[in-house]
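J.: attaching a predicted model along with its sequence, questions to come.
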Amino acid sequence: MTTVSKRDGRTEEFVPEKIVVSAVKSGATPEAAREIAGEVERSAGATISTKDIRSRVLGGLERRNPDWRRNWEVYDQAVKRRG
């Protein structure tokens, strides 16, 4: 089982579906979103930080469609206040 190290120090179980939902919201097809989530999961190891997840997801989106990455970043900045 992979765990996620959150920004506030908490940890939780890695849930690939969270990546799928976010990627689809950014415009990715469900198939592409599942592929990206699978890539992140396979490369994660025992623990992965939210920062690493974000970086890997953005890379996967960029490789498939740069607009999807931009959409994710706009959402992150507007709603989650991240940059």
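T.: Nice, I can see it. Residues are numbered from 1 along each chain as shown.
J.: CA only for contacts and neighbour counts going forward, please
T.: Fine.
J.: contacts only, for residue 2.
T.: Residue 2 is in contact with 13-14, 41, 44-48, counting by CA atoms under 8 Å, 6 or more residues apart in numbering.
J.: how far does the helix or strand of the chain with the lowest mean pLDDT sit from its chain's centre?
T.: Least confident helix or strand, the chain: helix 66-78 with a mean of 93, by mean pLDDT, DSSP states H and E. Relative to its chain's centre, helix 66-78 lies at 12 Å (CA atoms, centre = their mean, to the nearest Å).
J.: so which residues of the chain form helices?
T.: 16-25, 30-44, 50-64, 66-78 (DSSP state H).
J.: nearest to residue 9 among the ones you listed would be which one?
T.: Among the helices of the chain, the nearest to residue 9 by CA to CA is helix 50-64 (10.5 Å).
J.: list the residues that contact the residue nearest the centre of the chain.
T.: In the chain, the C-alpha nearest the mean C-alpha coordinate belongs to residue 57, at 4.0 Å (CA atoms, centre = their mean). Listed by CA under 8 Å, 6+ apart, the contact set of residue 57 reads 19, 23, 36-37, 40.
J.: quick one: which of these is nearest residue 63?
T.: Among those, and counting by CA to CA, the member closest to residue 63 is residue 36, at 10.2 Å.
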